[in-house]
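S.K.: Just a sequence and a predicted model for now, questions to come.
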Amino acid sequence: MKSILTALLTCLIFVSAAEARPISYPGGWTLMLMNDKRSNSSHIHYSPSIYTSIGWRHEYLRDTKTHVDTLQMNNLLKRWNKTNEQANFYIRSGVGVARDDGKYEPAAFTGIAADWETRRYFTSYENRFFWADNIDKFTRHKARVGVAPYIGDYGDLHTWLMLETEYQPGAKDDFSVTPLVRFFKGTTMLEAGYNFDGALELNFIKRF
Amino acid sequence: MTPLRLLAFIALLLSPSVSFAEEKYDIIIKADGMVCDFCAQSLNKVFSKKASVESINVDLDTSSVGVHLKDGQNLTDDEIKELIEWGGYDLVAIER
């Protein structure tokens, strides 16, 4: 357990030193509330520079009824800017504590995320390797494709229609598909979806 | 509100909005990677921290940023490049 924690901490430190850019602007705060069939999470982070963001994440894992609090670091390792398109490659990691029925265990996660988007099309992939000693361990993959039904100007209400697939080997209902609609305007984003298994997905992001 | 002020207010409401192409800017910057205004908000934040900048306007159609400078102020090309890259984009051209 100690060796795994050491490895994850080393990874976190290494990642923070790597050349990367976070999404948020320097000095910006971001609040992210995510809810899907497997978990509810709230994550607030601060970007001290364009290279990284660091924050606190609280998550409730429904399957194991576990609460997880972690210090999370996000890093943009690479961005590709082209005329009318952009692609990004991130790594996200966290270390903290999981609580299950009064029992506390160390917890950690890491994963990569990549996206490519134009003003019309969007696609992304992310994975997450989660470990909480004797409480829970899982690997999760998510991918999305999206299309904007209209192209809004700067400052308009933007709308996206998206399809998300999720695969978590070993979990109950290990594969799911969720159609979503995403709205964003200015510094606020809201998205809602209804999974084919009947579960609601509701996400909210606000930047300050 | 006096009738004159009311008339001015109504005229202001009825006047057509000025598009990015019609507006006169001190500097127009072209940049790559501007695909959504969720991320382009960063340019507003980054440029607004410069004392010489009065305001900016982003046009996603032309991947451009129009900059209004305060009277007697200037932004060098190096400063502009730094601000654009700080905001997460790649500088393509600067027009003055």
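M.R.: The structure has been received and is ready for your questions.
S.K.: Pretty sure residue A:161 sits against residue A:146.
M.R.: Yes: here residue A:161 reaches residue A:146: they are 6.4 Å apart, a contact under Cβ atoms under 8 Å. Heads up, the C-betas are built off the backbone N, CA and C, glycines and all.
S.K.: what's the closest non-adjacent residue to the residue of chain A found nearest chain B?
M.R.: Closest approach between chain A and chain B, counting by Cβ to the nearest Cβ: residue A:81, at 2.8 Å. Leaving aside its sequence neighbours, residue A:81 sits nearest to residue B:33 (Cβ to Cβ, 6 or more residues apart in numbering or on different chains; 2.8 Å).
S.K.: Then residue B:48?
M.R.: Nearest residue to residue B:48, sequence neighbours excluded (Cβ to Cβ, 6+ apart): residue B:56, at 7.5 Å.
S.K.: Up against chain B, what does chain A have?
M.R.: Taking Cβ under 8 Å from any Cβ of the partner chain as the criterion, chain A approaches chain B at residues A:21, A:23-28, A:50, A:79-86, A:117-119, A:152-156, A:158, A:184, A:186-187, A:189, A:207.
S.K.: Which of those fall in strands?
M.R.: Using DSSP state E, the subset of those located in strands is A:28, A:79-82, A:85-86, A:117, A:158, A:184, A:189, A:207.
S.K.: Buried only: go through those residues for me.
M.R.: Neighbour counting over these (16 or more other Cβ atoms under 10 Å in any protein chain shown) leaves A:28, A:79, A:81, A:85-86, A:117, A:158, A:184, A:189, A:207 as the buried ones.
S.K.: export these to CSV and tack on distance to residue A:142?
M.R.: Formatted as CSV, those follow (distance: Cβ to Cβ, whole Å):
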residue, distance to residue A:142
A:28, 25
A:79, 20
A:81, 24
A:85, 21
A:86, 20
A:117, 16
A:158, 21
A:184, 19
A:189, 17
A:207, 22
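S.K.: where exactly do the helices run in chain B?
M.R.: Here chain B has its helices, by DSSP state H, at B:3-14, B:37-48, B:77-86.
S.K.: so which strand or helix has the closest residue to residue A:191 other than its chain neighbours?
M.R.: If the residues on either side of it in the chain are set aside, residue A:191 comes closest to residue A:182, at 3.9 Å by Cβ to Cβ, 6+ apart. Here residue A:182, judged by DSSP states H and E, is contained in strand A:175-185.
S.K.: Let me know the angle separating that strand from helix B:37-48.
M.R.: Per axes from the mean of the first three to the mean of the last three Cα atoms, to 10 degrees, the angle that strand A:175-185 makes with helix B:37-48 is 40 degrees.
S.K.: Can you list the buried residues in strand A:175-185?
M.R.: Across strand A:175-185, burial judged by 16+ other Cβ under 10 Å covers A:176, A:178, A:180, A:182, A:184.
S.K.: Can you list the strands that it pairs with?
M.R.: Strand A:175-185 has its sheet partners listed here by DSSP bridges as strand A:158-167 (antiparallel), strand A:188-194 (antiparallel).
S.K.: What's the separation between residue A:55 and residue A:32?
M.R.: Noted for residue A:55: a distance of 9 Å to residue A:32, by Cβ to Cβ, to the nearest Å.
S.K.: Which residues are in contact with each of the two?
M.R.: Shared contacts of residue A:55 and residue A:32, defined by Cβ atoms under 8 Å, 6 or more residues apart in numbering or on different chains, are found at A:43-45.
S.K.: wait, which of those is closest to residue A:68?
M.R.: Checking those against residue A:68 with Cβ to Cβ, the nearest one is residue A:43 at 11.3 Å.
S.K.: what pairs with the closest one across the strands?
M.R.: Residue A:43 has these beta-bridge partners by DSSP bridges: residue A:32, residue A:57.
S.K.: shouldn't it be in contact with residue A:56?
M.R.: Yes: between residue A:43 and residue A:56 there is a contact under Cβ under 8 Å: 7.3 Å.
S.K.: ok, those two, which is more surrounded?
M.R.: Shown here are residue A:43 and residue A:56; by other Cβ atoms under 10 Å in any protein chain shown, residue A:43 has more neighbours (21 against 15).
S.K.: In chain B, what residue comes closest to chain A?
M.R.: Nearest to chain A, among the residues of chain B, is residue B:33, at 2.8 Å (Cβ to the nearest Cβ).
S.K.: Please report the distance of residue A:133 from residue A:113.
M.R.: The gap separating residue A:133 from residue A:113 is 25 Å, by Cβ to Cβ.
S.K.: that older thread, got any residues that touch both of residue A:43 and residue A:56?
M.R.: Each of residue A:72 lies in contact with both residue A:43 and residue A:56 under the rule Cβ under 8 Å, 6+ apart.
S.K.: if we can go back for a sec, residue A:202 is in contact with the residue nearest to residue A:191, correct?
M.R.: No: look at residue A:182 against residue A:202 with Cβ under 8 Å: they stay out of range, at 11.3 Å.
S.K.: I'm done for today, thanks for sticking with me.
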